[in-house]
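Novice: Dropping the sequence and predicted coords here.
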Amino acid sequence: MPRSTTITRTRTPRDTNAYTDTDTTAFDDGANEATGSTPRGSRRAAASAPVRGNRSARVAEPVKPTRSRAGWGEFDKKKEETSSGGFPDDFKLTPQAVIVKILDDEPFVTYVQHWIDNVKKGTRKSYNCITEFDECPLCARGDKPRARSCFNVVDVEADNLEVKVLTAGPQLGTILKNFATDKKTSPLNRADLYWRVSAVQKSNNNMDYTFLPVKARDLEADYDGLVPLTDEELDQFESECFTEEDVVRYDSRQDLKDLAEEYLDS
Ligand SMILES: [Zn+2]
């Protein structure tokens, strides 16, 4: 697909302590540590930042890690993150609300995913269900997969504006569908619509999602001078949107079969 020529798509370090989607994924409350001290609001129309759209000044700012990156856990995390072969960056909802632009009017893909506990390793990994085109060994063993729906979004308050993928489980997907079918808030990617989004984990391991529509014209006044995206920026981001093949990868049926035999009771 065409890639950016004018907008930096620098990949930012993943904040993997935060969760991606999901209605049930365990959530670490310290999730924002890595990014929490980053100055926000670079799109804000501050008197000291008269040149709009010039992001080079921000890019030149040295990045200072705010936490220790020592240890094998860090090694495992970074190794995992960098070996995925060009997956798009996930947009992670956190308790700290941010303003995003949703670039799709509906999910660009909905797929189905299993989560398998590897008791020996103490890990939990996702595997995409192959039921749509083959017999799925994980389903055959009785594991229940869950739907995941993907949307392209831009965090308008981020230092580096880039398209990321928001993945919604059934709970968040239902919230978005309700907005998408309400005249007042549809389509989700309407030019004058932004979204204030956050999520907090509830005690029962479910998530509390907050998605509030915000009018573009209210951004500057209500959100500390935050400037809406320009038409050029929107065009650019729309041309960079991810598609199904960027986000959904499948393991072979044999691999899934081995996995099912090893980790799922028959
Ligand atoms: Zn399956």
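Specialist: Good, I have the coordinates.
Novice: For the rest of this, base every contact and every neighbour count on C-alpha atoms.
Specialist: Fine.
Novice: any chance you could map the helices in the protein?
Specialist: With helices called from DSSP state H, the chain shows them at 33-36, 56-60, 72-82, 137-140, 170-180, 216-222, 231-239, 244-247, 253-263.
Novice: List, one by one, the residues from the stretch 1-150 of the chain near the ion.
Specialist: C129, C136, L138, C139 (CA under 5 Å from the ion).
Novice: Hmm, the second one is touching N128, no?
Specialist: No. Taking CA atoms under 8 Å as the definition, C136 is not a contact partner of N128, at 9.5 Å.
Novice: If you tally nearby residues, what's the number for the closest residue to I175 other than its chain neighbours?
Specialist: Nearest residue to I175, sequence neighbours excluded (CA to CA, 6 or more residues apart in numbering): F211, at 7.9 Å. Neighbourhood size, F211 [other CA atoms under 10 Å]: 20.
Novice: Name the residues linked to F211 by a beta bridge.
Specialist: V197 (DSSP bridges).
Novice: my guess is it contacts S198, does it?
Specialist: Yes. F211 is in contact with S198 according to CA under 8 Å; the separation is 6.9 Å.
Novice: quick one: low-confidence ranges for the stretch 101-250 of the chain?
Specialist: By pLDDT under 70, the stretch 101-250 of the chain has no low-scoring segment.
Novice: So for the protein, the centremost residue is which one?
Specialist: F91 (1.9 Å; CA atoms, centre = their mean).
Novice: Tell me the spacing between A168 and I175.
Specialist: Separation of A168 from I175 (CA to CA, to the nearest Å) stands at 10 Å.
Novice: More neighbours: the two, which one.
Specialist: A168 (22 against 14).
Novice: Hmm, the more buried one is touching C150, no?
Specialist: Yes. Counting by CA under 8 Å, A168 does reach C150; the two are 6.3 Å apart.
Novice: and D208, what does it touch?
Specialist: Applying CA atoms under 8 Å, 6 or more residues apart in numbering to D208 gives the contacts A199, V200, Q201, K202.
Novice: now with 6 Å?
Specialist: The contact partners of D208, by CA atoms under 6 Å, 6 or more residues apart in numbering, come to A199, V200.
Novice: Next one: it from the ion, what distance?
Specialist: 27 Å (CA to the ion, to the nearest Å).
Novice: Same question for D117.
Specialist: The gap separating D117 from the ion is 15 Å, by CA to the ion.
Novice: That residue - how many residues pack around it?
Specialist: D117: 14 surrounding residues under other CA under 10 Å.
Novice: Give me the spatial nearest neighbour of it, chain neighbours excluded.
Specialist: R124 (4.4 Å).
Novice: can you count the residues close to that neighbour?
Specialist: A count of nearby residues for R124, using other CA under 10 Å, gives 11.
Novice: Spit out the contact partners of it.
Specialist: I116, D117, N118.
Novice: mind checking pLDDT for S68?
Specialist: With respect to pLDDT, S68 scores 78.
Novice: Ok, the one 4 residues further on next?
Specialist: Among the per-residue scores, W72 holds a pLDDT of 83.
Novice: do the same with D265
Specialist: 70.
Novice: State the distance from the closest residue to it other than its chain neighbours to E261.
Specialist: In space, and not counting its chain neighbours, D265 is closest to R141: 6.9 Å by CA to CA, 6+ apart. As judged by CA to CA, R141 and E261 stand 8 Å apart.
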